[in-house]
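> sequence and predicted structure, then a few things I'm wondering about:
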Amino acid sequence: MATVKQKRVRKSPEERRAEITAAAIRLVGEKGYYGTSLKDVADAVGMSQPGLLHYIGNKEGLLSLLITDGYDMYGTPDDFMRSGLPGSGPDRLLFPAYLRYLVRYNARRRELVRLYMILESESFSPDHPLREYFEHRSEAVWDHYSRYAWTIPPEMGEWSETMRPVVRRCVEAMDGVQLRWMREPPVDLYDEWLAFEAMIFPSPVWDGYR
């Protein structure tokens, strides 16, 4: 009896990129950037290294795929404004409400958050490809959030004049909360953030603006 040859299913570039991203998140999250080779990623998705390079260009391109094209592209203020959640209206866009949305979003992508934190720690190395990205991260976050018309308490004055240190503290606090979330036993990421929110956006000034 003749053997029926199975027809090979060709995957779309989008499907391949999704597979590469998922494998790289897992591998880099486990072994770090320096401990993960392109061969590791290629083997994980059943590709040759030349085939992998077709999608990412080089190893630094893999990090770009994971961070600037992945982590940074989702959970944004624009996503929040499309959510319909309280505080997401363009006529009254509330910054603390957005941060709660972001914390909830990150709670659903634990592996990617862990990857991000590992890369941030590794970036202290002078030759790490993301060193400059993390060195300028606080400024980049400030610039990005400053594009939106947030409604803040009148006592705070203008966003551009008073909110820079507040945004910096939010970034630092969120990094710390996520680090504690990764440890055992983990804290509840959302509940822990709410404790910091009360300190960063205190009553009575921020009442009605959270």
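Arrived safely, thanks for sending. Numbers count the residues shown, from 1 in each chain.

> CA atoms for contacts and neighbours, from now on please.
Will do.

> so Phe196 makes contact with Val171?
No. At 11.2 Å, Phe196 and Val171 do not qualify as touching, with contact defined as CA atoms under 8 Å.

> for the protein, which segments count as helices?
13-31, 38-44, 49-56, 59-66, 77-83, 95-107, 110-122, 131-135, 137-145, 159-162, 164-182, 189-200 (DSSP state H).

> what's the fourth one in contact with?
Looking back up the chat, that one is helix 59-66. By CA atoms under 8 Å, 6 or more residues apart in numbering, the list of residues contacting helix 59-66 from outside reads Thr21, Ala24, Ile25, Leu38, Ile56, Gly70, Pro129.

> any chance of the residues you listed in TSV, plus neighbour count?
Listed next are the contacts of helix 59-66 as TSV, based on neighbours: other CA atoms under 10 Å:
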residue	neighbour count
Thr21	19
Ala24	28
Ile25	23
Leu38	17
Ile56	16
Gly70	13
Pro129	18
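
> which of these has the weakest pLDDT?
Scanning these for pLDDT, the smallest score is found at Gly70, 74.

> quick one, domains of this structure?
For the chain, the structural domains run 11-62, 67-210, going by automatic domain parsing.

> from Ser64, how far off is the residue nearest the centre of the chain?
Nearest to the mean C-alpha position of the chain, by CA atoms, centre = their mean, lies Tyr71 at 3.6 Å. Tyr71 sits at a distance of 10 Å from Ser64 (criterion: CA to CA, to the nearest Å).

> likewise Leu99?
From Leu99 to Ser64 the distance is 24 Å (CA to CA).

> quick one: which of those two has more around it?
More neighbours surround Leu99 than the other of Leu99 and Ser64, with 22 against 16 (other CA atoms under 10 Å).

> how close does the more buried one get to Ala42?
Here Leu99 is placed at a distance of 36 Å from Ala42 (CA to CA).

> my guess is Tyr116 contacts Thr68, does it?
No. Between Tyr116 and Thr68 there is no contact under CA under 8 Å: 10.8 Å.
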